[in-house]
Structure formats: structure tokens, C-alpha cells
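sequence and computational prediction follow.
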Amino acid sequence: MRIAISVSNGFVSGPGEGDEVWIVEVKDDGSYEVVERYENPARYAQQVRGVFMLRSVLDHGVNTVILSEIGPPGYRWAVEKGIRIYIFEGRVEDAIRAFIEGKLSEAQGPTHGEHHGHHGHHWHRHVEGFGEYEFLKPYVSSGLVIADLGCGEGRYCDFFKDYASKLYCVDIDEAAIEEVRRRFGNYGNVTILNEDITHTSIPSGSVDLVFMSNVFHDVDDKEAAVKEISRILKPGGRLLIIEFKENVLFGPPFKLSPEEVEEYFSGAGFVREGYAEVSPYHYMLILKKMR
């Protein structure tokens with residue numbers, strides 16, 4: 001059978017928020033293959049955006065979708081058209097595996113009301129037993145100044161806000177930043193910046209920890225990004241970069257090895273302090289600014 005998934009930066013997204021739609025063929029032996037990826041037509045819709053994504057799924061001959069959320073208009077339309085919806089918040093590959101293993105239940109209604117935004121109640125935040133933030137805990141402590149560059153809708157801001165004395169959530173995407181503002185705008189320690197990560201208003205030498213998840217490979221001017229990260233980090237500060245492993249089917253067509261990432265930063269005075277496999281599909285490189 002084939003399923004469709006709304007995807008943003010390797011994570012399951014809502015029907016109206018995903019950058020891409022992935023069509024995945026699930027085989028009888030439990031294996032799977034991404035057979036098609038296309039731009040989410042919802043990106044160009046002005047209203048009921050999720051319906052545009054769902055309609056495109058039907059046009060591709062698919063009637064089963066995995067989403068991070070679904071509002072009442074989209075849910076009503078999907079039910080009318082016979083589309084089966086499964087809810088999962090997390091990485092795409094984990095969502096597919098959970099679906100294959102029968103760990104996802106079909107949605108019985110919308111995940112939020114007409115006026116409650118896009119991230120209300122979810123039935124499955126992550127696969128049971130998967131510690132979404134455990135791999136970050138060795139690198140944080142109370143009182144740090146942290147910058148999440150390319151934060152998207154704030155998945156990791158939600159974790160860092162509980163540790164940081166000041167947290168910068170930075171993204172150039174206005175819609176993503178509006179969601180961050182909705183979720184975290186009332187936190188006194190959170191500063192939300194709708195800015196390009198290669199040119200931010202963060203003060204020089206003020207940050208203890210910079211974090212980037214599935215962002216660096218997509219930056220056109222990587223040298224400018226390196227320069228900006230070096231500018232805002234204190235000497236001795238850390239940079240955590242999560243990227244897809246090279247042999248993974250998912251993610252961007254162009255992937256960076258740990259050695260390639262390290263090479264970009266070595267000339268700016270960064271040295272590798274560590275490496276961690278944070279999932280079967282992602283690695284995290286830990287770099288330290290020495291000067």
C-alpha cells in the first residue's frame with residue numbers, strides 16, 4: 001500500500017504547513033520506499049490550506065496520510081473523501097516505522113478546534129520509549145544563553161526554554177515564527193527573531209550554545225553562516241549540528257558528512273569535541289569554539 005506524509009525538515013507536519021508531500025510505498029515484508037516527493041500545494045493557498053494537500057494526495061491515488069495535526073475543515077473534508085488519517089509528531093522515519101508496526105491509531109476527530117491554532121492535542125507525540133530530547137541533556141545546564149538557528153515552529157525551543165537564561169529562536173520563515181510566537185511569546189527568557197541565520201541581531205560573543213537541526217545543509221552561503229555563528233558564540237562556546245546520515249533514504253538529496261561539516265568550521269577556530277548518533281538516521285556533531 002501507499003501512504004502520504006506531510007513533511008518539513010524531516011519531521012511530520014500538518015497538511016497546510018508541510019514543505020513537501022512524500023509518497024511512501026509500504027511493502028508486505030515490512031520494508032518501505034519513498035517513491036515520490038513533491039512540493040506541498042498548500043504553500044500557495046490562502047485559506048483551508050490543508051485541503052489542498054489532501055486533494056493532491058487523492059490525485060496521486062493515495063487515501064492514507066500521516067500528519068502531525070488536522071483541523072476541523074481538513075478533517076471533515078478527509079472523512080467525506082474517504083481519506084484515513086493517522087497522527088504522529090516526530091521524525092518521518094519514526095512515523096513510518098510506527099505505522100508499519102501498528103502503533104498508530106486512526107484519528108477519530110480533529111486534533112484542535114476551529115480557533116486553537118495548529119498544535120493543540122496530539123494522540124502520539126512520539127513512539128513510546130523514544131526520548132525526544134535525551135541526547136541534548138548532556139550539553140545543557142541552567143543559565144546558558146542558547147540560540148536555536150533555523151528553529152522552525154519551535155520543536156527544540158520547547159526543550160531549551162526550560163534551561164536557558166536567554167533563548168533566541170531564529171527563523172526566516174514568517175509562518176514558522178508566528179507559531180513560535182504563539183507558543184513561546186509569553187516566556188520572558190525567549191527572544192523570537194524572524195531573521196536570516198547568516199545575519200542576525202544577536203549580540204556578538206553573547207551565546208553559550210548554538211543549535212541547528214537539519215538546517216546547515218540547506219544554507220546557500222555556508223561560509224556566511226559559519227561567520228555568523230562564530231560571531232555570536234563566546235570563546236569556549238559549543239555548536240551542536242544535527243544532520244542526516246549520508247546513507248539514509250530520507251531527507252535532502254544533498255547530505256553532509258560529519259567531516260564535511262567539520263571542515264566548514266575548522267578554519268573559524270572550531271574543533272570537534274564529540275559525535276553522537278541521535279537516531280538511526282541522524283548524527284549530531286559537537287564543535288567547540290576555541291578562539
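Received the coordinates, thanks. Residues are numbered from 1 along each chain as shown.

hey, where'd the helices end up in the stretch 101-250 of the chain?
Secondary structure of the stretch 101-250 of the chain (DSSP state H, counting those that start in this stretch): helices located at 157-160, 174-184, 222-232.

tally of neighbours for residue 30?
Neighbour count of residue 30, defined by other C-beta atoms under 10 Å: 9. To be clear about C-beta, it is placed using only N, CA and C from the backbone, and glycine gets the same treatment.

could you measure from it over to residue 102?
In this view, residue 30 and residue 102 are 11 Å apart by C-beta to C-beta, to the nearest Å.

related to what we said a few turns ago, would you single out the least confident of the helices of the stretch 101-250 of the chain?
Among those, helix 174-184 has the lowest mean pLDDT, at a mean of 90.

what's next to that helix, contact-wise?
Here helix 174-184 makes contact (C-beta atoms under 8 Å, 6 or more residues apart in numbering) with 17, 117-119, 151-154, 157-158, 161, 169, 171, 190, 192-194.

dump the C-alpha coordinates for it into CSV.
The C-alpha trace of helix 174-184 is given here as CSV (Å, rounded to 0.1, in the frame of the first residue of the first chain):
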residue,chain,number,x,y,z
GLU,A,174,7.4,34.1,8.8
ALA,A,175,4.7,31.5,9.3
ALA,A,176,7.0,29.3,11.4
ILE,A,177,8.0,32.3,13.6
GLU,A,178,4.3,33.2,14.1
GLU,A,179,3.8,29.7,15.5
VAL,A,180,6.9,30.1,17.8
ARG,A,181,5.5,33.5,18.9
ARG,A,182,2.1,31.9,19.7
ARG,A,183,3.7,29.1,21.7
PHE,A,184,6.5,30.9,23.5
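
tell me where the longest strand sits in the chain.
strand 233-244 (DSSP state E).

in its sheet, what does that one sit against?
strand 207-213 (parallel), strand 282-289 (antiparallel) (DSSP bridges).

out of these, nearest to residue 52?
Closest approach to residue 52 among the strands paired with strand 233-244 is made by strand 207-213 (27.1 Å; C-beta to C-beta).

pLDDT of the closest one, averaged?
97.

could I get that strand in PDB with only the CA atoms?
Extracted C-alpha coordinates of strand 207-213, given in PDB (Å, rounded to 0.1, in the frame of the first residue of the first chain):
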ATOM      1  CA  VAL A 207      25.800  32.900  23.200                       C
ATOM      2  CA  ASP A 208      27.000  29.800  25.100                       C
ATOM      3  CA  LEU A 209      25.300  27.200  22.900                       C
ATOM      4  CA  VAL A 210      24.200  27.300  19.200                       C
ATOM      5  CA  PHE A 211      21.900  24.600  17.900                       C
ATOM      6  CA  MET A 212      21.000  23.700  14.300                       C
ATOM      7  CA  SER A 213      18.800  20.800  13.400                       C
END
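
domain ranges for this protein, per the record?
2-100, 134-289 (automatic domain parsing).

of those, which shows the lowest average pLDDT?
domain 2-100 (a mean of 89).

let's see the distance spanning it from one end to the other.
End-to-end distance of domain 2-100 (C-alpha to C-alpha, to the nearest Å): 11 Å.

next: stretch 59-75.
Start-to-end, stretch 59-75 (C-alpha to C-alpha) is 18 Å.
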